[in-house]
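**Student:** here is a sequence with its predicted model. Questions after.
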Amino acid sequence: MAGERVFITGASSGIGAALARRYAERGATLGLTARRGDLLHALARALPGNHHVYTVDVADAGAMAAAGADFIARAGLPDIVVANAGISVGTLTGEREDLAAFRRVFETNVLGMVHTFHPFIEPLRQARRGRLVGIASVAGIRGLPGAGAYSASKAATIAYLESLRVELHGSGVRVVTLAPGYIATPMTAANPYPMPFLLPVEAAARRFVAAIDAGGSYTVIPWQMGIVAKLLRLLPNPVFDALFAHAGRKPRETT
Ligand SMILES: NC(=O)c1ccc[n+]([C@@H]2O[C@H](COP(=O)([O-])OP(=O)(O)OC[C@H]3O[C@@H](n4cnc5c(N)ncnc54)[C@H](OP(=O)(O)O)[C@@H]3O)[C@@H](O)[C@H]2O)c1
């Protein structure tokens, strides 16, 4: 919508870039953030409208606060903030070289989300409007083998977003948790296992935007994965363990 302002992290690739395209098509002014500034500038040039690029690491709280403040000063208070930046890598707790990967995954996926929302909370609360959107994952519903860092980080985002939602209850600021299943992006391109209900990224972005417009508190996309997520939650531990013990695993960085 013309006049709409949307701030998106992880906009250099995949879901973030597809969301940027959809919001720009409907006339929004965007704040685009990621570490690869060249990709962000190329995207901003290709989109209709005038947009603001921030080449920042979401793990850097100070840089994220500065980016948020600059966007508010230049474009105005955002209507929507999408904390989408994330990384996924296989990890094993017994492997010393994976300890750094655990830290990076948590700093990016969990603290990065906190850093993204922080500069906007008080201004949005005062304005009594706005949507804070967190991209979680179905991988956060149960602990997946070989993905301890990623599953735990996404479980943390689901709980964190719920805390934030309740904290902001009645303030006029909505918190929207989106839990994608499998979406075709660079993150999933090399997954060595079947990915049921895999969605092309542009179709996924359409559904994300519709879910954000609807403003529901928690949505799994695609809906078929929502049913799988509900069933996963209900599975008793012995059944879950037997089913997933030999499931395909995300490659570790060192292998
Ligand atoms: N694809 C799926 O099936 C799927 C399923 C469930 C959830 N998700 C979640 O959806 C989100 C987007 O994933 P995607 O599939 O679109 O993956 P992607 O194509 O790999 O994009 C990830 C984005 O996050 C950014 N990013 C990563 N680390 C960052 C950091 N430290 N600071 C700033 N930006 C950072 C990347 O930009 P730079 O590298 O330029 O910094 C990139 O723009 C992630 O949170 C992911 O966990 C994806």
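**Tutor:** Alright, I've got the coordinates.
**Student:** next up, the contacts around the residue in the stretch 51-200 of the chain positioned nearest to the ligand.
**Tutor:** Going by C-beta to the nearest ligand atom, the ligand is nearest to residue 86 of the stretch 51-200 of the chain, at 2.2 Å. Glycine gets a C-beta too; all of them are placed from N, C-alpha and C. Residues in contact with residue 86 (C-beta atoms under 8 Å, 6 or more residues apart in numbering) are 10, 108-109, 112, 135, 137, 153, 187.
**Student:** what would those residues look like in a markdown table with pLDDT, secondary structure and neighbour count?
**Tutor:** Shown next, in a markdown table, are these (pLDDT from 0 to 100; DSSP: H, G, I helix; E, B strand; the rest coil; neighbours: other C-beta atoms under 10 Å):
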| residue | pLDDT | secondary structure | neighbour count |
| --- | --- | --- | --- |
| 10 | 98 | coil | 27 |
| 108 | 98 | helix | 22 |
| 109 | 98 | helix | 27 |
| 112 | 99 | helix | 25 |
| 135 | 98 | strand | 27 |
| 137 | 98 | coil | 26 |
| 153 | 98 | helix | 28 |
| 187 | 96 | coil | 18 |
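**Student:** hmm, back to that, per-residue confidence for the residue of the stretch 51-200 of the chain closest to the ligand?
**Tutor:** With respect to pLDDT, residue 86 scores 98.
**Student:** hmm, back to that, widest-spaced pair of the contacts of residue 86?
**Tutor:** Spatially, the most separated pair among the contacts of residue 86 is 112 and 187, at 14.7 Å (C-beta to C-beta).
**Student:** what about the nearest residue to residue 164 once chain neighbours are set aside, is that helix, strand or coil?
**Tutor:** Excluding the flanking residues, the one nearest residue 164 by C-beta to C-beta, 6 or more residues apart in numbering is residue 175, at 5.0 Å. The three-state assignment at residue 175 reads strand, by DSSP: H, G, I helix; E, B strand; the rest coil.
**Student:** ok, residue 175 to residue 125 distance?
**Tutor:** Counting by C-beta to C-beta, to the nearest Å, the gap from residue 175 to residue 125 is 12 Å.
**Student:** neighbour count winner among these two?
**Tutor:** More crowded of residue 175 and residue 125, by other C-beta atoms under 10 Å: residue 175, with 24 against 15.
**Student:** so what's that one bridging to?
**Tutor:** residue 132 (DSSP bridges).
**Student:** test my guess that it contacts residue 134.
**Tutor:** Yes. With contact defined as C-beta atoms under 8 Å, residue 175 counts as touching residue 134 (7.2 Å).
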